[in-house]
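# The following block contains a protein sequence and its predicted model.
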Amino acid sequence: MMKPIFNIIPLFVAIPLAGAFLISLFGRRIKKLPDALGVLIALGLCGLSIWSVRLSNAYTTINYSVGSWIPPIGIGMVLDGLSTFMLVVVNLVAFCITIYSVNYMEKFTAKWKFYTLFFLMLAGMNGVIVTGDMFNLFVFLEIGAVASYALVAFGTERHELEAAFKYAIMGTVGSLFVLLGIALLYGYTSTLNMADMAAVLIEKGTGNIILMVSILFLMGFGLKAALVPFHAWLPDAHPSAPAPISAMLSGVLIKSLGVYALCRIFYNVIGLSPAISSILLVLGTISMVVGGLLALGQWDLKRLLAYSSISQIGYIVLGLGLATPLGILGGLFHLFNHSIFKSLLFLNSGAVEYATGTRDLQKMGGLMQKMPLTGATALSGSMAIAGIPPFSGFWSKLIIIIAAVEAQRYGYAFWAVLISILTLAMYMKVMKYAFFGNLKETLIGIKEVPRFMKLSMAVLAVICIVGGILFISAINEVFLQKASNVLLGGVR
Amino acid sequence: MKVYMLCLALFSLGLYCILRKRNIIKIIVGVIIAEYAVNLFFILTAYRMQGRSPIFSEDAEILNMVDPLPHALVLTAIVIGLATTALLIAIAMRIYEKYGTFDITKIRELRG
């Protein structure tokens, strides 16, 4: 029974695709169109995703069959608690970043190309989130990934090209592992629909082939999520992209293409066995520690942020890998918070680069006097990521640590606490060298950034400060709890 | 079984190329080889011993048909592979313009 209202699901893919098409068609001739249309589309998607929270609460799970084929045969799109949660995260961040790009991308010549690629990437991410079909997941994964390779190379300077090539090769190999995994799964279950596949797997049982498939997916999606043995591309690719894209990549791309897809398959299709759970725990902890230690030694602001992303992804995977109700809740909550404050911090780094022309922390100093809003928002982002009490990051880290203690994984809890202190240290370094202290002679003439950039940073900073309200029971029940219940259903 | 092993060998060859070669173009060729190995494997899962083509007609009995779905999927995968390869080659051309070499050991300015 398909209600007309269910037709909104394909819109999450169709709107950004249509936007990309229109901007590439008319954007070159009409100068103002890319900005106006871009902001409008992003606002529409953001509103639609927030509205879909209400929808998924009213109906629990909504299915849409593309081309009206009956579910196991055609491509299905599914909107449940987890996908609405991810849609809100992705589209909210994308909206703030589009506003920011209006001013920031002025210094690049081809703005319409930027928006075209941006919306292709967004279509890929939204597609990965709403799809209920295994091969369709691969297709959307590749749309998002190919657009992101091109966006990393957007500046077409030496470093951008080098980083983009490295990222593209590693990303393609990751995708090949995913495709091989899907081929093996299809051969074993003879179906591509995720729900159907899960049912078949329960009936047929899991053997060696599922072990092989799990390892392939772990490598493929682990590469997309930049978990530590597969992280080498991230610290090159994320700093090389233009700031809005760095924010998009670190904020949501590694989460929707990596962590979300990994969780969806391991929890809801294959079913989370204790072995996979402990692999996730170990990978999460290693990412947390290695990313944190490497970040501490960086002097390039964006590179430091990129390494810190690896470390925070470790927290998320650690929380999800605990496979207890509290752990999954904490992991998802941290995913939401991290996408907000990491995109904020990358936008701040973009603003600093826009005003001063450098990313080297040693060449900055005293920027707070000249750029008060950038400084203040960077401070709130840093406090949130370091886990200072009233800010959002504190609550999510606290929940993960409590969950680890409750599950009697004391070692993991210890590392989580230790890296939290390390995170504080590295953001103290950023604030001290960049924003506090004496103003450098060379930086006397700098000005605060234009108004759209300010607006977008301010919005994200406010979400950082009040992020803790997600945990108020009324909001928690309709938003976070629903998402974690979906994952919890798959724990064996 | 032999064909699956050959597929695996082709895939390993592609991975070897990606990991060991220094020339950017050879790395791209490695990616293409690995991609084709995966596509080949996917097609092979569709094969049935002495199967016939999956065309449905009035009098035909539905027995021992080759699975048509992987063919459609692999077609999509090939198109995606084309897009990736085109992008990789475009980036490689730009790299040659900037660095004047295809040797990856000389293109290493990002580290740390």
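Sure thing, it's come through.
# how near is the spatially most central residue of chain B to B:V79?
In chain B, the centroid-proximal residue (Cα atoms, centre = their mean) is B:E35; its distance is 1.5 Å. Plainly put, B:E35 is 12 Å away from B:V79 if you go by Cβ to Cβ, to the nearest Å. For the C-beta atoms, the positions are set from N, CA and C on the backbone; glycine is no exception.
# for B:P70, same thing?
Distance check for B:P70 against B:V79: by Cβ to Cβ, it reads 15 Å.
# Neighbour count for the two, which is higher?
Higher neighbour count among B:P70 and B:V79: B:P70, with 22 against 11, using other Cβ atoms under 10 Å in any protein chain shown.
# if I pick the closest residue to that one other than its chain neighbours, what's in contact with it?
Of all residues not flanking B:P70 in the chain, B:A46 sits nearest, at 4.0 Å (Cβ to Cβ, 6 or more residues apart in numbering or on different chains). Residues in contact with B:A46 (Cβ atoms under 8 Å, 6 or more residues apart in numbering or on different chains) are B:66-71.
# likewise A:T358?
So A:T358 contacts A:352, A:364 (Cβ under 8 Å, 6+ apart).
# Look at it and give its secondary structure.
coil (DSSP: H, G, I helix; E, B strand; the rest coil).
# Look at it and report its pLDDT.
Note on A:T358: pLDDT of 88.
# What residues does chain B have near chain A?
For chain B, the residues found near chain A under the criterion Cβ under 8 Å from any Cβ of the partner chain are B:11, B:15, B:18, B:24, B:27, B:31, B:34-35, B:38, B:41-42, B:45, B:67, B:69-70, B:73, B:76-77, B:80, B:83-84, B:87-88, B:91-92, B:94-95, B:98-99, B:107-110, B:112.
# Can you tell me which of the residues you listed are buried?
For the residues of chain B next to chain A, a burial check counting by 16 or more other Cβ atoms under 10 Å in any protein chain shown picks out B:11, B:15, B:18, B:24, B:27, B:31, B:34-35, B:38, B:41-42, B:45, B:67, B:69-70, B:73, B:77, B:80, B:84, B:87-88, B:91-92, B:94-95, B:99, B:107, B:110.
# which helix of chain B spans the most residues?
Assignment by DSSP state H gives helix B:69-99 as the longest helix of chain B.
# distance of the residue located most distally from the centre of chain B from A:G284?
Residue farthest from the centre of chain B, counting by Cα atoms, centre = their mean, is B:D59 at 38.2 Å. Relative to A:G284, B:D59 is positioned 59 Å away (Cβ to Cβ).
# which residues sit in contact with residue 35?
Picking chain A for this. Counted by Cβ under 8 Å, 6+ apart, A:D35 has contacts A:102, A:111.
# that's the wrong chain, I meant chain B
By Cβ under 8 Å, 6+ apart, the contact set of B:E35 is A:172, A:176, B:14, B:77, B:81, B:84.
# Out of those residues, which two sit at the greatest distance?
B:G14 and B:A77 (14.6 Å; Cβ to Cβ).
# For A:Q298, grab the count of nearby residues.
Counted with other Cβ under 10 Å, A:Q298 comes out at 21.
# Surely it touches A:G292?
No - using Cβ atoms under 8 Å, A:Q298 makes no contact with A:G292, being 11.4 Å away.
# got the contacts of B:E35 as JSON lines, with pLDDT and distance to B:C7 columns?
Below are these laid out as JSON lines (pLDDT from 0 to 100; distance: Cβ to Cβ, whole Å):
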{"residue": "A:T172", "pLDDT": "95", "distance to B:C7": "18"}
{"residue": "A:L176", "pLDDT": "95", "distance to B:C7": "13"}
{"residue": "B:G14", "pLDDT": "95", "distance to B:C7": "11"}
{"residue": "B:A77", "pLDDT": "95", "distance to B:C7": "14"}
{"residue": "B:G81", "pLDDT": "94", "distance to B:C7": "16"}
{"residue": "B:T84", "pLDDT": "95", "distance to B:C7": "20"}
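# From these, pick the one nearest A:P4.
Nearest to A:P4, judged by Cβ to Cβ, of the contacts of B:E35 is B:A77 at 34.2 Å.
# Look at the closest residue to that closest one other than its chain neighbours and give its secondary structure.
Leaving aside its chain neighbours, B:A77 sits nearest to B:N39 (5.7 Å; criterion: Cβ to Cβ, 6+ apart). Classification of B:N39 by three-state DSSP places it in helix.
# any weak-confidence spans in the chain?
All of this refers to chain A. Residue ranges of chain A with pLDDT under 70: A:1-2, A:492.
# you looked at the wrong chain, it should be chain B
Using pLDDT under 70, the flagged stretches of chain B are B:111-112.
# separation between A:V128 and B:F11?
Distance, A:V128 to B:F11, using Cβ to Cβ: 25 Å.
# Equivalent analysis for A:P229, please.
Applying Cβ to Cβ to A:P229 and B:F11 gives a distance of 20 Å.
# circling back: shared neighbours of A:Q298 and A:G292, anything?
Shared contacts of A:Q298 and A:G292, defined by Cβ under 8 Å, 6+ apart, are found at A:Y307.
# Could you list the buried residues of stretch B:13-29?
B:14-15, B:17-18, B:24, B:27-29.
# Please narrow the residues you listed to those residing in helices.
Among these, the members falling in helices (DSSP H) are B:14-15, B:17-18, B:24, B:27-29.
# Let me see the contact set for A:L17.
With contacts defined as Cβ under 8 Å, 6+ apart, A:L17 is in contact with A:119-120, A:123.
# Out of those residues, who's the most crowded?
Highest neighbour count within these, by other Cβ under 10 Å: A:F119, with 28 neighbours.
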